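Novice: Give me the fold of what follows.
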Amino acid sequence: MSPSDRAGAAPGDPRADPRALSLWHATADDDWTPRAALPGDRDADVAIVGAGFTGLWTAYYLLRADPRLRVVVLEREVAGFGASGRNGGWCSALFPASLTWLARRYGRPAAVAQYRAMQETVDEVGAVAAAEGIDCHWAKGGTVVAARTPVQLDRSRAEVDEARAFGFTEDDLALLGPDEARARLGATGVLGATYTPHCAAIHPARLVRGLARAVERLGATVHESTAVTAVEPHLVTTERGRVRADVVVRATEGYTPGLPGHRRDVAPVYSLMVATEPLPAEVWAEVGLAGRETFADHRHLVIYGQRTADDRLAFGGRGAPYHYASSVRPEHDREPATFDALHRVLVDLLPAVGDAALTHSWGGPLGIARDWCASVGLDPATGLAWAGGYVGDGVATTNLAGRTLTDLVLGRDGGLTALPWVNHRSRRWEPEPLRWLGVSASLAVMGGADTEEARTGRPSGRAAALNRLLGR
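Specialist: You can find the predicted model right below:
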């Protein structure tokens, strides 16, 4: 959205006031006045398109490695406007491609290395937040994923079996019995759960805004209200001027299809959230989450939640429609039918919150690569670098991307640059209308699969067929 669009927006509209975007934006305790726009043409060593987590982590580690670098970050709105400021607040070791998928393509050691790197990254994010004085409400309580039907319980066992086959122990992923599971999450119908300690609940907008200030202290220039119109080798064109650079980093995730030549790189799929008012102690006594564990269950259509530092319950999930031609517009952030469905799922899962008022509802696009595998890379011949396709698991993955891009830009081989996602090339999404038909059908199948399994007590054949089709 251009600055002129923002100027014409009504009060309370997120285009005029970012605090209206989400619970996180409203409670970030930050000044959302845009930084200065790009004043005209300039040169840089590294130009970064996008002031979300990917772009800011990249700037942070580049300047930590070499303070002499001229790093320019270009942002159409304000830092943290997109998914980095609106997500579920899980700083997790989740990676969208499974161990088995990675092993088939890159070998078992590479798959294990990718997952171990993700685990280490969770602690790296916490360490940087502490070192930079960023109060992002960090609480490393892990993640509990409930199994509420026999079919879900089978899936939880299969997930643990896969982890064991690759050498991961109970310290990485444990299978909980019903009593252990309910002690962490007081959900209805719990038969068991998986639990991993490799996740922290955070306030994402506080983290991304603090990170923006940190990169400025290190010497980066962040230009907001600067819409990028084209990304080319060694050149970024904006509405306000051009930036010539040795390396251009595309860090645009769900907004990538808006760039010329990139419409089919990722599919922008919307994830929506709701948040309750602060809940009293007697409700939390029933709900659990005493360690601020993040939580979900083993259904096909993803849900996710956390207990916030001010004792709200923030809860989200997929299910919002994919919009034709990869459309990303402010009005897509709010789908009343999806918000209603999320509230019903939340109350079914945790009846104790049924009387609580919902104070915030919001959403935004996340980027899904065609093979559901995130990637990071640099083409030395063109100077074009990228990272993305996180499928909603980007809070920690972006940090790993930023450190990896730093090594690639500075020519440091081995270590992170040897991970299998480096220079991985996902095939492009199909052209429309095939893309709309495929994504929409996938969302419908996954939603219907959960209903089917609850009714029949057997795994959904349609979901299994879809997973085979997607190569997952």
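Novice: what ranges do the strands span in the stretch 151-300 of the chain?
Specialist: Assigned by DSSP state E, counting those that start in this stretch, the strands in the stretch 151-300 of the chain fall at 174-176, 192-196, 199-201, 221-223, 228-232, 235-238, 241-250, 267-276, 294-297.
Novice: The stretch 1-150 of the chain now?
Specialist: Going by DSSP E, counting those that start in this stretch, the stretch 1-150 of the chain shows strands at 42-49, 71-74, 90-92, 143-147.
Novice: Can you classify L366 as helix, strand or coil?
Specialist: strand (DSSP: H, G, I helix; E, B strand; the rest coil).
Novice: quick one: it and A83 touch, right?
Specialist: Yes. With contact defined as Cβ atoms under 8 Å, L366 reaches A83; the gap is 5.5 Å. Just so you know, the C-beta spots here come from the backbone N, C-alpha and C atoms, and that holds for glycine as well.
Novice: Give me the more crowded residue out of those two.
Specialist: A83 (28 against 25; other Cβ atoms under 10 Å).
Novice: residues touching the more buried one, list them.
Specialist: Going by Cβ atoms under 8 Å, 6 or more residues apart in numbering, A83 touches G52, E253, G254, G364, P365, L366, G392, G394.
Novice: and which of those residues is nearest L211?
Specialist: Lowest distance from L211 to those (Cβ to Cβ) belongs to G52, with 9.5 Å.
Novice: Setting aside sequence neighbours, what's the nearest residue to the closest one?
Specialist: Using Cβ to Cβ, 6 or more residues apart in numbering and skipping the chain neighbours, the partner closest in space to G52 is S84 (3.6 Å).
Novice: number of nearby residues for the one you found?
Specialist: Counted with other Cβ under 10 Å, S84 comes out at 30.
Novice: Then the one 5 residues further on?
Specialist: Counted by other Cβ under 10 Å, the residues lying close to G89 total 30.
Novice: list the buried ones in the helix or strand where T406 lies?
Specialist: T406 is part of helix 394-410, with elements assigned from DSSP states H and E. Applying a neighbour-count criterion of 16 or more other Cβ atoms under 10 Å, one finds 394-409 buried in helix 394-410.
Novice: Likewise for stretch 259-277?
Specialist: Result for stretch 259-277 [16+ other Cβ under 10 Å]: buried residues 259, 262-276.
Novice: Do me a favour and average the pLDDT over the helix holding T406.
Specialist: What helix 394-410 shows for mean pLDDT is 98.
Novice: likewise stretch 359-377?
Specialist: 97.
Novice: For that stretch, measure first residue to last.
Specialist: 40 Å (Cα to Cα, to the nearest Å).
Novice: Name the residues of that stretch that are buried.
Specialist: Here stretch 359-377 shows 360-377 as buried, counting by 16+ other Cβ under 10 Å.
Novice: Then stretch 43-62?
Specialist: So, applying 16+ other Cβ under 10 Å, buried residues of stretch 43-62: 44, 46-62.
Novice: swap in stretch 329-338?
Specialist: H332, D333, E335, T338.
Novice: Name the nearest residue to the second one, sequence neighbours excluded.
Specialist: Taking Cβ to Cβ, 6+ apart as the measure, D333 lies nearest to G363, with 4.5 Å between them; neighbours along the chain are not counted.
Novice: repeat for R184
Specialist: Nearest non-adjacent residue to R184 (Cβ to Cβ, 6+ apart): V144, at 4.5 Å.
Novice: got the residue ranges for the strands in the stretch 301-450 of the chain?
Specialist: Under DSSP E, counting those that start in this stretch, the stretch 301-450 of the chain gives strands at 303-307, 313-317, 358-368, 375-379, 384-388.
Novice: what number of residues lie near T382?
Specialist: 12.
Novice: How about G107?
Specialist: 12.
Novice: That one and T276, how far apart?
Specialist: In this structure, G107 and T276 are 45 Å apart, going by Cβ to Cβ, to the nearest Å.
Novice: Can you spell out which helices and strands pack onto the helix holding T406?
Specialist: If you count contacts as 3 or more Cβ pairs under 8 Å, 6 or more residues apart in numbering; DSSP states H and E, helix 394-410 packs onto helix 53-65, helix 83-86, strand 90-92, helix 108-131, strand 375-379, strand 384-388.
Novice: Ok, which of the ones you listed comes nearest Y322?
Specialist: That would be helix 83-86 among those, by Cβ to Cβ, at 15.6 Å.
Novice: returning to what we had before: quick one: common contacting residues for L366 and A83?
Specialist: The contact lists of L366 and A83 share E253, G254, G392, G394, where a contact means Cβ under 8 Å, 6+ apart.
Novice: export these to a markdown table and tack on distance to A183?
Specialist: Shown next, in a markdown table, are the shared contacts of L366 and A83 (distance: Cβ to Cβ, whole Å):
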| residue | distance to A183 |
| --- | --- |
| E253 | 36 |
| G254 | 36 |
| G392 | 27 |
| G394 | 30 |
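Novice: between these, which is nearest A245?
Specialist: Closest to A245, out of all of those and judged by Cβ to Cβ, is E253, at 20.1 Å.
Novice: The closest one touches D393, doesn't it?
Specialist: No. With contact defined as Cβ under 8 Å, E253 does not count as touching D393 (11.6 Å).
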